[in-house]
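# This is a predicted model, with the sequence first.
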Amino acid sequence: MKKLHKALFLALPVALASALACRTSPQAPPVQASGKPAEKSPAAPPAAPAPGARPPANPWEGTLSPLTHPAEKHLANVRQLTFGGENAEAYWSGDGRSLIFQSTRDPHACDQIFVIDDVDAPEPAARLVSTGKGRTTCAYLFPDGRRLLYASTHLADPACPKPPDRSQGYVWGLFEGFDIFTARPDGSDPVRITNAPGYDAEATISRDGRKIVFTSVRDGDLELYSMNADGSGVKRLTNRPGYDGGAFYSDDGQWIVYRSAIPKDEAALADYRGLLARAMVRPSALEIRVMRADGTGDVQVTANGAANFAPYFFPGRHDRIIFCSNLGDPKGREFDLYAVNIDGTDLERITYNPTFDGFPMFSPDGRKIAFCSNRHNAKAGDTNVFVADWVP
Ligand SMILES: [Ca+2]
Ligand SMILES: [Ca+2]
Ligand SMILES: [Ca+2]
């Protein structure tokens with residue numbers, strides 16, 4: 001277990017940079033200059049490093065690794081929608097035609113929010129919907145299409161917030177200026193719907209458009225809360241030391257699936273609290289949990305000590321979820337999508353590309369899945385948005 005924990009920790013800068021908060025990269029990622037689709041190429045094996053050279057962390061990064069894998073039997077017609085930069089957390093519109101996601105791309109120095117209006121277009125185009133100022137994260141579309149939502153620091157400061165203090169090791173910043181905003185579909189009329197001091201982010205919306213679940217430090221710990229679509233009626237859902245966040249509703253709005261990192265001993269708790277007081281969190285093992293929408297009936301789903309995150313319920317169900325994990329990699333560096341029943345049974349691996357695969361979300365009709373992956377990237381570290389037909 002100790003060994004796994006250490007391996008996990010090594011992997012965290014790679015993957016949890018994307019997994020938490022909702023995505024907090026310590027450095028601005030490289031952006032592919034052309035923005036053009038890279039040429040499709042056969043599965044070129046990665047070149048061996050020169051003798052004495054330090055091998056890359058993952059030899060498949062930047063090699064245009066295959067879009068698909070024969071073992072990915074649940075995915076058909078995999079399509080790549082972005083081509084370069086760091087693109088993550090792509091979430092469906094209510095009509096299943098559009099995706100909203102965050103991206104670091106020119107000319108923006110840190111994440112902004114973009115929408116692809118028609119994912120089936122021959123060349124899907126992304127348009128900016130956030131203000132272009134501050135750092136944004138965790139966007140979502142109201143199901144009726146009349147507003148969208150994201151977290152942003154732009155009111156606190158138009159510049160990108162300073163990366164967290166790396167002398168603390170690998171930590172991510174809970175940028176204090178984060179609040180949750182809604183806006184019109186074209187990005188106009190941004191309205192702040194949280195006004196508590198400190199980090200408010202990681203918001204997603206119930207399918208009826210009435211409830212928002214989000215993460216906040218307003219009561220001194222990272223906890224989940226729900227609120228009405230206009231920010232009223234805030235209700236606290238979790239209450240324990242440690243990170244609780246990254247939540248999504250089931251289709252019927254009755255259940256919430258989320259990720260949690262409960263410090264395992266007093267030393268870990270002290271470390272967690274010390275960092276939290278300085279608006280930082282050190283990523284550690286994350287487990288998936290499920291509870292009712294009012295915070296009752298909380299159960300732990302995974303218990304593998306790995307980094308499990310980005311959970312989402314199967315269409316029309318609240319007894320099975322899809323999520324992202326490095327549980328299958330002894331080195332902890334490789335992430336894939338998995339499915340599991342909420343009682344922990346019937347674990348099934350979904351993706352097999354040897355690079356990062358994460359952030360799965362089923363389309364509202366359950367026929368497609370959006371996910372983000374480093375597969376088929378032309379540049380090491382690039383993460384792109386993909387859509388596939390879901391084969392049950
Ligand atoms: Ca706030
Ligand atoms: Ca907590
Ligand atoms: Ca993978």
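Perfect, I can see it now. Ligands and ions are numbered 1, 2, ... in the order given.
# near ligand 1, which residues of this protein?
Within the chain, the positions near ligand 1 by Cβ under 5 Å from the ion are Asp179, Ala196, Asp200. In this view, the C-beta of every residue, glycine as well, is placed from N, C-alpha and C.
# from the residues you listed, which would you call buried?
Asp179, Asp200 (16 or more other Cβ atoms under 10 Å).
# Make CSV out of the residues of the chain next to ligand 1 and add secondary structure.
Below are these laid out as CSV (DSSP: H, G, I helix; E, B strand; the rest coil):
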residue, secondary structure
Asp179, strand
Ala196, coil
Asp200, strand
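# Now do the helices in this structure.
Here the chain has its helices, by DSSP state H, at 2-19, 266-277.
# quick one on the thing from earlier: quick one: least confident of the residues of the chain next to ligand 1?
The member of the residues of the chain next to ligand 1 with the lowest pLDDT is Ala196, at 95.
# Return the residues in contact with that one.
Contact analysis of Ala196 by Cβ atoms under 8 Å, 6 or more residues apart in numbering lists Asp179, Ser216, Arg218.
# how close does the residue lying closest to the first one once chain neighbours are set aside get to Leu237?
Distances taken as Cβ to Cβ, 6 or more residues apart in numbering place Thr194 nearest to Asp179, at 4.7 Å, with adjacent residues excluded. Note on Thr194: its distance to Leu237, by Cβ to Cβ, to the nearest Å, is 15 Å.
# again, but for Ala380
39 Å.
# Comparing those two, which residue is more hemmed in?
Leu237 (21 against 17; other Cβ atoms under 10 Å).
# I figured the more buried one was touching Met227, is that so?
No. Counting by Cβ atoms under 8 Å, Leu237 stays clear of Met227, with 10.5 Å between them.
# give me the beta-bridge partners of Val385?
Val385 forms beta bridges with Cys372, as assigned by DSSP bridges.
# I figured it was touching Ile369, is that so?
No. Look at Val385 against Ile369 with Cβ under 8 Å: they stay out of range, at 11.6 Å.
# one step back: wait, which of the contacts of Ala196 is closest to Leu148?
Asp179 (15.0 Å; Cβ to Cβ).
# so who does the nearest residue to Lys379 once chain neighbours are set aside touch?
Of all residues beyond its chain neighbours, the one nearest Lys379 is Gly62 (5.1 Å), with distances taken as Cβ to Cβ, 6+ apart. Contact analysis of Gly62 by Cβ under 8 Å, 6+ apart lists Pro56, Asn377, Ala378, Lys379, Ala380, Gly381, Asp382.
# With the flanking residues excluded, which residue is spatially nearest to the last one?
Spatially, and ignoring its direct neighbours in sequence, Asp382 is nearest to Gly84 (5.4 Å; Cβ to Cβ, 6+ apart).
# wouldn't that neighbour be in contact with Asn384 here?
Yes. In this structure Gly84 lies within contact range of Asn384 using Cβ under 8 Å: 7.4 Å.
# just to revisit the earlier point, need the pLDDT of the residue nearest to Asp179.
98.
# Spit out the contact partners of it.
Asp179, Ile180, Asp200, Phe214, Ser216, Met227, Gly231.
# Just these: which are in strands?
Asp179, Ile180, Asp200, Phe214, Ser216, Met227 (DSSP state E).
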